[in-house]
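Q: 3D model of this:
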Amino acid sequence: MKKIDWKMLVVTSSLFLIPLVLVSLYYGQLPAVLHTHFGADNVANQTSSKWMSLIFIPLLAFLFHVFLCIALDVTKNGQVPVVKVGKWMMPILTILVMVTILWYNLGNQVDIRRLVVAFLAGVYLIMGNYMPKDVPGMTAPQSLVDRKRAAYLFIGGAVALLLSLFFEPIVSFIVGLLFTAVIIIWSIRVGVKGYRNCQ
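A: Numbering: from 1, shown residues only. The predicted structure follows:
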């Protein structure tokens, strides 16, 4: 069990206490049924019970986070810088989702499209920054070159998403779709090249 980064696990897991405190403060002020899903037009289109959306789903997110962190550390992938950054994503995403649900259901307006796009752009920028970084001896030089190229794709996608915020929602949707397609094509290309090198 020495392989597990317990300090990182405890610190990232403690972030789940933030939505827990907020829920305990505002639970009584919320309706029994909450709006929990929104379209690009900021109109709520799905509902859920308070217990399901404020307690059960965050609990599942917490358990998944703990399992994922331990699994990554046991397989030694948790030592890679970009993976270490990824360990923060689930707690931060849970906080953003919970705050958004609470804020909206307490009678405030939320620009969901801008919030989601800004979050994704931030994630892509961080991933692009840490993707080329490596732990000595864990990655082949050629793989590191491919990751550097992928980092530029992520940073470019992040900038494009941020620029799309100044236009209609459909622009953000198209940019996100194109970015996803490019990443899939790039991943297939790298996978095929890796397979050929192993032959």
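
Q: would you map out the domains in this protein?
A: Using automatic domain parsing, the domain parsing of the chain gives 1-110, 111-199.

Q: avg pLDDT for stretch 157-175?
A: For stretch 157-175, mean pLDDT rounds to 92.

Q: how about the strands in the protein?
A: For the chain, applying DSSP state E gives strands covering 33-38, 44-49.

Q: who does the first one touch, helix- and strand-wise?
A: It refers to strand 33-38. Judged by 3 or more C-beta pairs under 8 Å, 6 or more residues apart in numbering; DSSP states H and E, the packing partners of strand 33-38 are strand 44-49, helix 89-105. Bear in mind the C-beta positions are built from the backbone N, C-alpha and C, glycine included.

Q: then the last one?
A: Helices and strands in packing contact with strand 44-49 are listed as strand 33-38; criterion 3+ C-beta pairs under 8 Å, 6+ apart.

Q: go through the strand it packs on and flag the buried ones.
A: Leu34, His35, Thr36, Phe38 (16 or more other C-beta atoms under 10 Å).

Q: mind saving the C-alpha coords of it as CSV?
A: Only the C-alpha atoms of strand 33-38 are listed here, as CSV (Å, rounded to 0.1, in the frame of the first residue of the first chain):
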residue,chain,number,x,y,z
VAL,A,33,-37.8,18.4,-6.5
LEU,A,34,-34.8,20.2,-8.0
HIS,A,35,-33.9,21.3,-11.5
THR,A,36,-30.6,19.5,-12.2
HIS,A,37,-30.1,19.5,-16.0
PHE,A,38,-30.1,22.4,-18.4
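
Q: give me the sheet partners of that strand and which way each runs.
A: strand 44-49 (antiparallel) (DSSP bridges).

Q: weakest of the domains of the chain by average pLDDT?
A: Of all these, mean pLDDT reaches its minimum on domain 111-199 (a mean of 83).

Q: what distance separates that domain from the middle of the whole chain?
A: Averaged C-alpha coordinates place domain 111-199 at 13 Å from its chain's average position (C-alpha atoms, centre = their mean, to the nearest Å).
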